[in-house]
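Engineer: Predicted model and sequence follow; I will ask about them next.
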Amino acid sequence: MSDAPVFPEGFLWGAATAAHQIEGSPLADGAGPSIWTRFAHTPGMMLNGDTGDVACDHYNRWKGDVKLMRELGLQAYRFSVSWSRILPEGKGRVNQKGLDFYSRLVDELLANDIEPLLTLYHWDLPAALDDRGGWLNPDIADWFADYGRVLYRALDGRVKKWVTLNEPWVVTDGGYLHGALAPGHRSRFEAPIASHHLMRAHGAAVKAYREIGKHEIGLVVNIEPKYPASDSAEDAAAVRRAHAYMNEQYLHPALLGHYPPELKEIFGEAWPEWPAEDYELIKQPLDFVGINYYTRSVTKAATSYPLNTGVVKQPLGTYTETGWEVFPQGLTDLLLWFKQTYGDLPVYITENGAAFFDPPAASVDENGNRRVRDPLRMDYLRKHLGAIHDAIRAGVDIRGYMLWSLLDNLEWSLGYSKRFGMVHVNYVTQERTPKDSARWYSEVIRTHGRKL
Ligand SMILES: OC[C@H]1NNC[C@@H](O)[C@@H]1O
Ligand SMILES: [Ca+2]
């Protein structure tokens, strides 16, 4: 079939999750609390008072979940390690039982021909480090590198693709500027400091990896193309601010060694001047960048804090349960921008997916299997894989796709209300039910993308 998409040889098909969103048992086997254990038990912070205490009970059901991945034909699995399972106080004493959990998981993945992609930090900072200032304390770069060293020594070789941080923008914007996420701070003075320390920590962890590891390490960012709501000069300036704040704020220091100038304009007196050696530390050579893509923003000038931008809803747009416009073309545009701006660094799509309302069928089929019809998710995924294919044909070096998410899970402060999984989770019985999108994705993988 001449026009069937052809994905590159070795293109890696997988799915992604994160520790606090699926594991449950946050304090089991000597683990220390994280900022999310605290945040979830702070009244009013979580929709419906949901917490990560049980989640998908993956801490106990990990073997069955790997079996499910195998049945779905996944070639790779992106997951994160909970720092406070490994170092209950965030630094110092290692909790061997915590390390054993991830070591067993990695071995089970490898035994099932599934390649592990390990994220060191997916938002669950040890509470003990938050008590010492967390991302606001400059020492966190060393704390993070030391945590990385423990895992590099234990797992490198079995794990060959490492990620330092997941989405530093969300950590800062959600946790330090707007306060919707742990640790729930609301300060335009703290946000740039947290951002900078996250990137210093990223650099320190990469540097440490080069001394110990023998494989690949990268950074994962969530980026979102910004389109002007009109051709006015004000909207063009708003797009520049929004683009710098979300898309360049982390990739520029990591790959180019400097921040975009708009950030000083945005934060004004709250924008610190950092020493040159910080930029040397941050700009460590990377083996790849992971891009998490969900949606775009049509952006206008507005009165907002601190960006003075607003998002314009598209009357003819299709929106997901999280209020994100379905806009696959934005992924192609973004990938072309990435290549033009940062060059030929290999890229993985480390997250892409959508939350829709997809209740399980009441009945079971002739094999006794319950179906979960999710046509909107299938359509979303098909179109975004098409957009990735378009970027590949335009010359972007995209190495793989990790669907967000394997399982329905804890969507942070939105609790369990938003279901991103290709596999449905019944949170009462913990029954897993592959949705139609999972069946479809298995076929995509089997045909190496020819059958989108
Ligand atoms: O909002 C969907 C996902 N986005 N990226 C980070 C993940 O933890 C989220 O669940
Ligand atoms: Ca296309």
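Structural biologist: Thanks, I have the structure now. Ligands and ions are numbered 1, 2, ... in the order given.
Engineer: Mind jotting down where the helices sit in the stretch 351-452 of the chain?
Structural biologist: Using DSSP state H, counting those that start in this stretch, the helices of the stretch 351-452 of the chain run over 375-393, 436-446.
Engineer: The longest one vs ligand 1: in contact?
Structural biologist: No. Helix 375-393 is not in contact with ligand 1 by CB under 6 Å from any ligand atom; minimum separation 12.7 Å. For every residue, glycine as well, the C-beta is placed using N, CA and C.
Engineer: Next, format the helices of the stretch 351-452 of the chain as TSV and append mean pLDDT and mean neighbour count.
Structural biologist: Converted to TSV, the helices of the stretch 351-452 of the chain look like this (pLDDT from 0 to 100; neighbours: other CB atoms under 10 Å):
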stretch	mean pLDDT	mean neighbour count
helix 375-393	98	20
helix 436-446	98	19
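Engineer: which stretches of the stretch 51-200 of the chain form strands?
Structural biologist: 76-80, 115-121, 161-166 (DSSP state E, counting those that start in this stretch).
Engineer: Nearest to ligand 2, out of those strands?
Structural biologist: Closest to ligand 2 of those, according to CB to the ion: strand 76-80, at 23.7 Å.
Engineer: And the residue in the stretch 101-250 of the chain that ligand 2 sits nearest to, how far from residue 365?
Structural biologist: When CB to the ion is the measure, the stretch 101-250 of the chain has its nearest residue to ligand 2 at residue 225, with 16.0 Å between them. Taking CB to CB, to the nearest Å as the measure, residue 225 and residue 365 are separated by 41 Å.
Engineer: When those two are compared, which one has more neighbours?
Structural biologist: For the pair residue 225 and residue 365, the greater number of neighbours falls to residue 225 (25 against 9), based on other CB atoms under 10 Å.
Engineer: That one: what's it in contact with?
Structural biologist: Shown here is residue 225, whose contacts under the criterion CB atoms under 8 Å, 6 or more residues apart in numbering are 247, 296-297, 330, 333-334, 337.
Engineer: Just the buried ones out of the residues you listed, please.
Structural biologist: 247, 296-297, 330, 333-334 (16 or more other CB atoms under 10 Å).
Engineer: Output the contacts of residue 225 as JSON lines; include the columns pLDDT, distance to residue 377 and secondary structure.
Structural biologist: What follows is the contacts of residue 225, written out as JSON lines (pLDDT from 0 to 100; distance: CB to CB, whole Å; DSSP: H, G, I helix; E, B strand; the rest coil):
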{"residue": "247", "pLDDT": "98", "distance to residue 377": "25", "secondary structure": "helix"}
{"residue": "296", "pLDDT": "98", "distance to residue 377": "18", "secondary structure": "coil"}
{"residue": "297", "pLDDT": "98", "distance to residue 377": "21", "secondary structure": "strand"}
{"residue": "330", "pLDDT": "98", "distance to residue 377": "18", "secondary structure": "helix"}
{"residue": "333", "pLDDT": "98", "distance to residue 377": "22", "secondary structure": "helix"}
{"residue": "334", "pLDDT": "98", "distance to residue 377": "21", "secondary structure": "helix"}
{"residue": "337", "pLDDT": "98", "distance to residue 377": "26", "secondary structure": "helix"}
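Engineer: Just flag the most distant two among these.
Structural biologist: Within the contacts of residue 225, two members stand farthest from each other by CB to CB: 297 and 337, at 14.1 Å.
Engineer: I appreciate the help and will end here.
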